[in-house]
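give me coordinates for this.
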Amino acid sequence: MTEENITRIDLDGKEIILIGTAHVSKQSVEQVKEVIDRERPDSVCIELDDQRYKSIMEGSKWRETDIFKVIKEKKATLLLMNLAISSFQNRLAKQFDTKPGQEMIQGIESAKEIGAELVLADRNIQITFSRIWSNVSFWGKGQLLTSIFYSIFNKESISEEELEKMKTQDTLNASLAEISEAFPRLKKPLIDERDQYLAQKIKEAPGKKVVAVLGAAHVPGITKEIHKDQDLEALTKTKPKSRTPQIIGWAIPVLIVALIAFTFFLNPAAGMDQAISWILWTGITAAIGAAAAMGHPLAILSAFLAAPITTLHPLLAAGWVSGIVQAYFKRPSVADFETLSEDVFSLKGFWRNKFTRVLLVIILTNIGGSFGTFIGGADVIRTFLNNL
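Next up is the predicted model:
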């Protein structure tokens, strides 16, 4: 058997065997089975977290998704990022007739066959996304969302050169490659931190012999980091929210309300104009966002009615209201979840699927309401200054 793509490490009497896999290679699947069958390790580590493991093992899990829970837990953007990865994997599978991640499935099956302990060695994908999100500015978040939308609807074929590059990346890295190139700061949470996390989990795996199935891109980093003690708690801690956005978030509505109240005191007619301007700008822009997502008429109406109030409260969002209304009247069915992986492959399918439609209603309503806040706020300030 060839030792190509295999790295052996002796760590304090523990034998660690790293298999650097190519996620689009059928040969990697065969190699994973061959190595595990021959070495018969005490533990098999795979580059998956609990969420992605369940996604692989419980293909119907999407059917149980509670859309109202998604809205309540503010996970619309997170789900959109997951769908971006799903869309990329779909495109890859269709073009090259492969199934990315098959080598991980083989690792799971081989571990069961020989009775080895299965270790899910990767960091929770939500934590990775959270740390990615906290590494970009407000405007960077807008660019990031734009890049995600582009990656979802990008129809371009993947070149042979790009395919070769993917053979040295893991699925998560490959699907977010364009985004990480545009945002170099994302390399740390996306790659470097995961190398450290994977290294520690592999090192802590039970038994004297451990086989780890990894994307080839992680092997050099893990080989370096495995000789150090990594702080898993620090690597899984999400960044505490800065107080500055919170202060600004409360300062803007307080200022708007104060300016309208003071203008009412100086000139009631002008104060009324200010209030109407605020209602119309925030309401109309939020409604336009819901309409752009082709939301239900009542979802569009709820966006208009909610925005003037929710934009004055940092802990509320018009998109949550319109999203709940959309989900109530156009609740996703089992069929929507069954066709989700196919529907996210096209712009038409993304808008047609009731589940992704709810996500779009939430996100576009909030974006519209944000624009309305800036425009309406500027008009309130202008009216106030004119009446001094």
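
what's the helix or strand in which residue 201 is found packed up against?
Assigned by DSSP states H and E, residue 201 belongs to helix 193-204. Contact here means 3 or more CB pairs under 8 Å, 6 or more residues apart in numbering; DSSP states H and E; on that basis helix 193-204 packs against strand 14-21, strand 43-46, helix 125-133, strand 209-215, helix 219-225, helix 232-235. All C-beta atoms are positioned from the backbone trio N, CA, C, and that covers glycine.

and residue 286, which of these is closest to it?
Closest of the helices and strands packed on helix 193-204 to residue 286 is helix 125-133, at 22.7 Å (criterion: CB to CB).

report all helices and strands that the closest one contacts.
Under the contact criterion of 3+ CB pairs under 8 Å, 6+ apart, helix 125-133 touches helix 50-57, helix 76-96, helix 193-204.

in terms of mean pLDDT, which of those ranks lowest?
Among the helices and strands packed on helix 125-133, helix 76-96 has the lowest mean pLDDT, at a mean of 63.

what angle separates the helix holding residue 201 from strand 14-21?
Angle between the axes of helix 193-204 and strand 14-21 is 140 degrees (criterion: axes from the mean of the first three to the mean of the last three CA atoms, to 10 degrees).

quick one: contacts of helix 193-204?
Contact with helix 193-204 is made by 11, 14, 16, 18, 45, 47, 119, 121-123, 128, 131, 210, 212, 214, 218, 221-222, 224-226, 228-230, 232, 235-236, as judged by CB atoms under 8 Å, 6 or more residues apart in numbering.

let's see 6 Å
Residues outside helix 193-204 that contact it (CB atoms under 6 Å, 6 or more residues apart in numbering): 45, 121, 123, 212, 218, 221-222, 225-226, 230, 232, 235.

show me what counts as buried in it.
193-203 (16 or more other CB atoms under 10 Å).

which of the helices and strands packed on helix 193-204 has the lowest mean pLDDT?
Across the helices and strands packed on helix 193-204, helix 125-133 has the smallest mean pLDDT, namely a mean of 78.

with the buried residues of helix 193-204 in mind, which one is nearest to residue 36?
Nearest to residue 36 among the buried residues of helix 193-204, counting by CB to CB, is residue 202 at 14.6 Å.

please parse this protein into its domains.
Following automatic domain parsing, one gets these domains for the chain: 6-235, 243-386.

where among those domains is the average confidence lowest?
domain 6-235 (a mean of 77).

compute the first-to-last residue distance for it.
Start and end residues of domain 6-235 are separated by 27 Å (CA to CA, to the nearest Å).

hang on, the earlier thing: as JSON lines, the helices and strands packed on helix 193-204 with distance to residue 110 would be great.
What follows is those, written out as JSON lines (distance: least, CB to CB, whole Å):
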{"stretch": "strand 14-21", "distance to residue 110": "11"}
{"stretch": "strand 43-46", "distance to residue 110": "7"}
{"stretch": "helix 125-133", "distance to residue 110": "23"}
{"stretch": "strand 209-215", "distance to residue 110": "9"}
{"stretch": "helix 219-225", "distance to residue 110": "19"}
{"stretch": "helix 232-235", "distance to residue 110": "26"}
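
ok, which of these comes nearest residue 357?
Nearest to residue 357 among those is helix 125-133 (22.0 Å), distances taken as CB to CB.

list the buried residues of the longest helix along the chain.
Assignment by DSSP state H gives helix 354-386 as the longest helix of the chain. Neighbour counts over helix 354-386 (16+ other CB under 10 Å) mark 354-373, 375-377, 379-380, 383-384 as buried.

and stretch 308-323, by the same measure?
308, 310-312, 314, 317-323.

inside helices: which ones of the residues you listed?
308, 310, 318-323.

need those in a markdown table (columns: distance to residue 56).
Converted to a markdown table, these look like this (distance: CB to CB, whole Å):
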| residue | distance to residue 56 |
| --- | --- |
| 308 | 45 |
| 310 | 38 |
| 318 | 36 |
| 319 | 31 |
| 320 | 31 |
| 321 | 35 |
| 322 | 33 |
| 323 | 28 |
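
quick one: which of these is nearest to residue 248?
residue 310 (16.3 Å).
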